[in-house]
Structure formats: structure tokens, C-alpha cells
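Q: A predicted structure for the sequence below; I have some questions about it.
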Amino acid sequence: VTGVQTCALPIFFPAAVRLVASREELHAALPAADSLVVESFSVGAAELALAPRLRFIHQFGTRADGIDLAACAQRGVAVKTQRRRTNVAVAEHTLALILGLARRFGTIANCVTAEQLAARGFDCRPYDTRHTGANNYGRIGGLRVIRGLTLGLLGIGEVAREVVPLARAFGLEVCYHSRRRLAPAAEAALGVRYCDYEALFAQSDIVSLHVPLSAATRGLVGEIGRAHV
């Protein structure tokens, strides 16, 4: 930046950054590490014992479930988390898709005039506005208001937890199913209720999947889920 003098920070810069792809590589790098950035690797007493210089752990994400916070506190190792903007963007996109389906945007995009509506097969007849509003003048069936509906979340990871407050702001009730149920305090803080897999589909008007695609999750929504759709 013009006019700004740069200088080295003696305790942070310059720094050597080492990327590791396995737990073995992590363990090999820990003895020389002053700080550690993790996403999916867990850090416990065994890792701390290998890292006498470690002073700071940064969790890339808001969930530090894999970090032994008590052990870190005992060692004087600070732990910080980061809310990922990508997760926020995905959550917003989830709400956009829900609204798009409820309002049938895919069907009625670029369909405004009487001629365009008629070409799509809609019966565009003006309402008598003395007795009713002129909303949905195209007589488009199947449009839904999402307030009061139930959103079922399959998975309750970081993205799903970003979806919850957005959904509740639109008046949706939120239930979820996950392999590991949240603690009651966490459910209360989020404003969600737990249900089993079948109940999620039976009770939800909308189901949104928030699990990573893997061999374990491929085909997760099978005949049981489809039977309730």
C-alpha cells in the first residue's frame, strides 16, 4: 500500500508454514510448531505432548469438537475458531432454493405478462379487486408460504447450523437428525428439536441434506425417505 511502511513482526513474521496431509505428518511437524491451524485433525493430550513450543491453535471453522480444550487450557495453549464465510453463503443459498421451490421460480421465471402466462398454460384472469387483492394474478397453483412449515435438516454440522437462524427468521420450525445428537443446551440455543430418521421425513414439509458425500452417505435418502415425500 502506498505510503505505508512495512516491518517484520518479530514473533510472527517471518514464519515457516508447513502443510501436512496425514496424522503422521502432523505428529512429525509438532515438535517445531509454535502455532497450529486445523480443520479436521483432532488435537488431544498426545499431540500436545509432542509440541513443547505450541502456544496457539486455530480451528478453521466454528466447531472445536476435535480439540481437547481442557488439556489446552492446562498447557496454556490458546484456542480460537473462525466462522467461515463459505458456510454462510451455502446457508443463504439453501434458503434461496427453498424459497425458489415454494414460489416455483423455475416455472415462472420471465413470465410476467398475460401473454407469457398464457403461453405457459396459466389462466390469467384479473381478480375483482373490490373484493380481493390482485396477488397471483396469473392463477399459478402450488405456490406456498413457508412460514409455519417444518424444515428437516439431515445433518447438523456447521452449514446446517448457519441455516437454522435464517430458517427461523422466515418462520420455519426446524427439526434435525444426526448420528450424534446435540446436547439439550445446544438444541435449546439453536432452537431445533431432534427426531429419528423416519420421523424427519414424516414430520417435515421440506428436507435439506447437510452431510458430506462419501461412501457412508451415498444413497442415504433411500426408500424410507422417499416413502414420506
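A: That came through, no problem.
Q: rest of the way, CA atoms for contacts and neighbours
A: OK.
Q: distance of the closest residue to residue 196 other than its chain neighbours from residue 49?
A: Nearest residue to residue 196, sequence neighbours excluded (CA to CA, 6 or more residues apart in numbering): residue 177, at 5.8 Å. According to CA to CA, to the nearest Å, residue 177 and residue 49 sit 36 Å apart.
Q: quick one, which of the two is more surrounded?
A: Applying other CA atoms under 10 Å to residue 177 and residue 49 shows that residue 177 carries more neighbours, namely 22 against 13.
Q: Give the bridge partners for the more buried one, please.
A: In this structure, residue 177 bridges to residue 154 when assessed by DSSP bridges.
Q: mind checking pLDDT for it?
A: Per-residue confidence (pLDDT) for residue 177: 96.
Q: before we move on, what about residue 158?
A: 92.
Q: How about residue 161?
A: You'll see residue 161 listed with a pLDDT of 95.
Q: Spit out the contact partners of it.
A: Going by CA atoms under 8 Å, 6 or more residues apart in numbering, residue 161 touches residue 190.
Q: what's the spacing between it and residue 144?
A: From residue 161 to residue 144 the distance is 24 Å (CA to CA).
Q: cool, and residue 221?
A: 24 Å.
Q: what's the longest helix in this protein?
A: In terms of residue count, the longest helix belonging to the chain (DSSP state H) is helix 85-102.
Q: So which elements touch that one?
A: helix 158-169 (3 or more CA pairs under 8 Å, 6 or more residues apart in numbering; DSSP states H and E).
Q: Give the buried residues for the helix it packs on.
A: By 16 or more other CA atoms under 10 Å, the buried positions in helix 158-169 come out as 158-168.
Q: same thing with stretch 217-224?
A: Counting neighbours by 16+ other CA under 10 Å, one finds that stretch 217-224 has no buried residues.
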